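In: Could you look at this predicted model? Sequence included:
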Amino acid sequence: MVYSHMEEGEGKDPNIVSGFLSAFSNFAKELGEGEIKSINMHRHMILMGIEGKLCFTTWFDQDDDELQGKLILEHIIEAFLAMYPNLNPKIPVELTAFENFNEILEEMNHIKNVYEVIESTSKILIIPEIQKMYEEKFGINISPAKIWLALNFLIKSDAIRTVKENNQIRYRKKGELLKGLSLKFKKKVA
């Protein structure tokens, strides 16, 4: 069983993508469970993780950060397993059963985009500024509430920091950029 979600306007044939992911899934069975592996192919980085008998695969542009992609895939896997705890991969399921999962994927995309906005500047930003930059960069309207939710996810993932300044809460990158190093998602160590 292969479930595929593509962003609007990607212009790809979902049947070809689904077939590719199915073959990829068979290859993935040779890998260890609980790990996320990456493979670079042309302009894309393919990330794959195995949980039980389920294979999760996603891809990003090759210039996207691998750690960020792995964190996103980890959260997608966690959300999928939470939403479909009794899924048996050996029993056929109509793909329409997973339509609600698109909301999770859309929210993860918003979080990724909010992170890109914050990462694109050295300024300390307030929500209205983030909203304006987001809408200009991605051409999509987003509510302040969605930005706030994304910011809280990013804070809990230890990707950004809050700064209290002049009775306002502002948001900034986790640290300063030094000698060309860029900051990306980092997993919190317990």
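Out: Structure's in. What do you need?
In: Can you report how many residues lie near the closest residue to Ile140 other than its chain neighbours?
Out: In space, and not counting its chain neighbours, Ile140 is closest to Tyr134: 7.4 Å by C-beta to C-beta, 6 or more residues apart in numbering. Quick note: C-beta positions are derived from backbone N, CA and C, even for glycine. By the criterion of other C-beta atoms under 10 Å, Tyr134 has 22 neighbours.
In: Leu149 now?
Out: Neighbours of Leu149 under the rule other C-beta under 10 Å: 15.
In: Let me see the ranges of the helices in the chain.
Out: With DSSP state H as the criterion, the chain has helices at 14-28, 66-83, 101-119, 127-138, 144-156.
In: Against Met45, how distant is Leu67?
Out: 11 Å (C-beta to C-beta, to the nearest Å).
In: Which one's more surrounded, the two?
Out: The neighbour comparison of Leu67 against Met45 (other C-beta under 10 Å) goes to Met45, with 19 against 14.
In: and the more buried one, what are its bridge partners?
Out: Under DSSP bridges, the beta-bridge partners of Met45 are Asn40, Phe60.
In: ok, it touching Ile36?
Out: No. Counting by C-beta atoms under 8 Å, Met45 does not reach Ile36; the two are 11.4 Å apart.
In: Disregarding flanking residues, what is the spatial nearest neighbour of the residue nearest to the spatial centre of the chain?
Out: In the chain, the C-alpha nearest the mean C-alpha coordinate belongs to Ile72, at 3.4 Å (C-alpha atoms, centre = their mean). Nearest non-adjacent residue to Ile72, counting by C-beta to C-beta, 6+ apart: Met108, 5.6 Å away.
In: got a list of what the one you found touches?
Out: 72, 75-76 (C-beta atoms under 8 Å, 6 or more residues apart in numbering).
In: need those residues in TSV with pLDDT and distance to Met41, can you?
Out: Below are the contacts of Met108 laid out as TSV (pLDDT from 0 to 100; distance: C-beta to C-beta, whole Å):
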residue	pLDDT	distance to Met41
Ile72	84	18
His75	87	23
Ile76	89	20
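In: Just name the closest of those to Ile155, please.
Out: Of all the contacts of Met108, Ile155 sits closest to His75, with 14.3 Å by C-beta to C-beta.
In: how close does the closest one get to Gln68?
Out: In this view, His75 and Gln68 are 11 Å apart by C-beta to C-beta.
In: Those two: which has the busier surroundings?
Out: Neighbour totals were compared for His75 and Gln68, and Gln68 leads with 19 against 16 (other C-beta under 10 Å).
In: Tell me if I'm right that that one and Glu119 touch.
Out: No. Between Gln68 and Glu119 there is no contact under C-beta under 8 Å: 9.3 Å.
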